[in-house]
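J.: Here's my sequence, what's the structure:
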Amino acid sequence: MLMTIANLVALITNSVLFGTVIMLGCCGEILTEKSGNLNLGVPGVMYLGGIASLAGCYAYESGCAAKGTTPAGYLCVIIALVCGFAAAALGGLLYSFITVTLRANQNVTGLALTIFGAGTANFFGGLIMQKSGGVGTINLSATAQAFRAQIPFLPKNWGVVSEVLFSYGAMVYAAVILAVAMSLFLSKTRAGLNLRAVGESPATADAAGIRVGRCKYLSTCVGAGICGLGGVFYIMYYIKGMWANDGYIEALGWLAVALVIFTGWRPVNAIWGSYLFGVCYWVYTCMPEAVSRFLASTLGLTQITYTQNLYKMLPYIATILVLIIGSIRQKKENQAPQSLGLSYFREER
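T.: Numbers count the residues shown, from 1 in each chain. Got it, this is the predicted structure:
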C-alpha cells in the first residue's frame, strides 16, 4: 500500500513538472494564434529559449568560478529567464517579419523556424559541451538549485499533501498564474479583445482603427517569448541545468501545439489539460507489470519496455478525440480563430 501511494505521488509530481513545460508552450502559442498567426515553430523557439538560458548561465557561472566567487541564485534565475525570453522573442520577430511583412506561408515558415531553432540550439549546445570538457560535463548546479528551490513560506509538514502541492519551485506556480492572467487579459481587457478581433477578422479590426500589423507582431513576439520560457524550465528545472541532444524539447513543443487544440484556445484550460497530458505520458510508471506483460504478449512485443511508447501516445490520442468531438458539436467557443493561418492583405479589404 505504501508503495502504491509512493508511486501515485511520483506520478503526480512528474506530471506537474512535465505539464509545466507544455503549459508555457501552450499559453504562448494561444496568445500567438489569437492574433491569427499559426506559429508551428513552437519547438524551435523552445529550443532557442533553452539554449540561450544555458549559454547565459554558463557564462555567468564560469566567470564566477574563474574569480573564485559563488554565483548568486537570484542572478542565475534572472539571467536564464531574460536570455531565454529574449532569444525566443527574436525567433517570434523573425517569424512575424516573414509572415506579416513579407506575407509568406505561415505553415512553411513555422516548420522552418522549428528546424532553425533545433539546429541552432544543438550547434551551440555542442559547442558549450566541448568548451566545458565533453558530453555530460555542463554542470549549472547553482542555476538548477535556484530554479528548484521551494518557496519558503509554503507548508512542509503536511505529509503527502505538501509533497503533491507545495514541493515545487516558484516557476511551476508562476506558470499557473500566467495562464489565469492570460485568460483574464483575453476576455476582460480592451487590448485582449482587440487581439481577438484581429484573429477573427483582421479586415473588420483594421476598419475599426486597430493596427493589425502591430498587434500581430506584439502577440507573436511575446507569445514566442513565453514558449521560450518552457524551454528554460525544461533545461534548468526538468533536467537540472544539463544539455541533451535527444530531441525531447521538440517532442514537448509538438505536445504544446496539440494542447492548444485540446484546450479550445482557452489559456485557463491549459492548466488542467497540461497536467492531464503529463499523467497520460507518465502513467506507465504506475501500471501493474501484469498489464504491461499482457499488452506486450498481445501485440507480439519482445520486451515489456516497448509498451511505454503505447502509453506515451495517449496525449495525442486524446487530442484526436477532442478534434473529432469538437467537429461534431461545432461549438464556436471551441473553434480556432477564423483568420488563423491566413495572411492579411489590406488592399483586398
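J.: Got the phi and psi for Gly169?
T.: phi -80, psi 170 (degrees, to the nearest 10).
J.: which helices and strands sit right next to the longest helix belonging to the chain?
T.: Scanning the chain for the longest helix, with DSSP state H as the assignment, gives helix 2-33. Judged by 3 or more CB pairs under 8 Å, 6 or more residues apart in numbering; DSSP states H and E, helix 2-33 is in contact with helix 42-67, helix 160-165, helix 170-188, helix 212-233, helix 248-262, helix 269-282. Placement of C-beta: from N, CA and C, glycine included.
J.: got the buried residues for that helix?
T.: 11-33 (16 or more other CB atoms under 10 Å).
J.: picking up where we left off before, out of the helices and strands packed on helix 2-33, nearest to Gly126?
T.: helix 42-67 (10.3 Å; CB to CB).
J.: any weak-confidence spans in this protein?
T.: 1-3, 134-137, 287-297, 299-307, 326, 329-333, 347-349 (pLDDT under 70).
J.: swap the cut-off to 80 and go again
T.: Applying pLDDT under 80 to the chain flags residues 1-6, 132-139, 284-312, 318-319, 322-323, 325-334, 345-349.
J.: Next up, the contacts around Thr32.
T.: For Thr32, the contact set (CB atoms under 8 Å, 6 or more residues apart in numbering) comprises 38-39, 92, 219-220, 223-224.
J.: how close does the closest residue to Asn334 other than its chain neighbours get to Ile328?
T.: What sits nearest to Asn334 in space, not counting adjacent residues and going by CB to CB, 6 or more residues apart in numbering, is Gly264, at 3.9 Å. Going from Gly264 to Ile328 by CB to CB, to the nearest Å gives 14 Å.
J.: phi, psi of the residue lying closest to Met182 once chain neighbours are set aside?
T.: Nearest residue to Met182, sequence neighbours excluded (CB to CB, 6+ apart): Pro267, at 4.2 Å. In terms of degrees, to the nearest 10, the main-chain angles of Pro267 are phi -60, psi -40.
J.: For stretch 340-349, give me every contacting residue.
T.: Applying CB under 8 Å, 6+ apart, the set of residues contacting stretch 340-349 is 33, 36-38, 99-100, 103-107, 199, 202-203, 206-207, 212, 216.
J.: Which members of those residues occur in strands, if any?
T.: Under the assignment DSSP state E, those contribute nothing to strands.
J.: Helices - which of those land there?
T.: Those of the contacts of stretch 340-349 lying in helices (DSSP H): 33, 106-107, 199, 202-203, 206-207, 212, 216.
J.: With respect to Gln338, which of the contacts of Thr32 is nearest?
T.: Nearest member of the contacts of Thr32 to Gln338, counting by CB to CB, is Leu38, at 12.3 Å.
J.: what residues are up against that closest one?
T.: By CB under 8 Å, 6+ apart, the neighbours of Leu38 are 32, 106-107, 110, 340-341.
J.: Once you drop chain neighbours, what's closest to it?
T.: Gly341 (4.0 Å).
J.: re the thing from before, top of the contacts of Thr32 by neighbour count?
T.: Using other CB atoms under 10 Å as the neighbour criterion, Ala224 leads the contacts of Thr32 with 35 neighbours.
J.: in stretch 191-203, what's buried?
T.: By 16+ other CB under 10 Å, the buried positions in stretch 191-203 come out as 192, 194-199, 201-202.
J.: Could you do stretch 86-96 as well?
T.: 86-92, 94-96.
J.: Can you show me the CA trace of it as PDB?
T.: Taking C-alpha atoms only, stretch 86-96 is exported to PDB below (Å, rounded to 0.1, in the frame of the first residue of the first chain):
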ATOM      1  CA  ALA A  86      14.700  37.400 -25.400                       C
ATOM      2  CA  ALA A  87      16.100  34.700 -27.700                       C
ATOM      3  CA  ALA A  88      12.700  33.100 -28.200                       C
ATOM      4  CA  ALA A  89      11.100  36.500 -28.800                       C
ATOM      5  CA  LEU A  90      13.700  37.200 -31.500                       C
ATOM      6  CA  GLY A  91      12.500  33.900 -33.100                       C
ATOM      7  CA  GLY A  92       9.000  35.200 -33.000                       C
ATOM      8  CA  LEU A  93      10.200  38.500 -34.500                       C
ATOM      9  CA  LEU A  94      11.800  36.600 -37.400                       C
ATOM     10  CA  TYR A  95       8.500  34.700 -37.900                       C
ATOM     11  CA  SER A  96       6.500  37.900 -37.800                       C
END
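J.: ok, back up a step: looking at the helices and strands packed on helix 2-33, which is closest to Ile320?
T.: helix 248-262 (9.0 Å).
J.: For the closest one, name the packing helices and strands.
T.: Against helix 248-262 (3+ CB pairs under 8 Å, 6+ apart) you get helix 2-33, helix 42-67, helix 106-132, helix 212-233, helix 269-282, helix 314-329.
J.: Could you check the angle it makes with helix 106-132?
T.: Interaxial angle of helix 248-262 relative to helix 106-132 (axes from the mean of the first three to the mean of the last three CA atoms, to 10 degrees): 150 degrees.
J.: who's in contact with helix 248-262?
T.: Contacts to helix 248-262, defined as CB under 8 Å, 6+ apart, come from residues 21-26, 28-30, 33, 40, 42-44, 46-47, 50, 114, 118, 121, 227, 230-231, 234, 269-270, 273-274, 277, 315-316, 318-319, 322-323, 336.
J.: same thing but 7 Å
T.: 21-22, 25-26, 29-30, 33, 40, 42-43, 46-47, 50, 118, 230-231, 234, 270, 273-274, 277, 315-316, 318-319, 322-323 (CB atoms under 7 Å, 6 or more residues apart in numbering).
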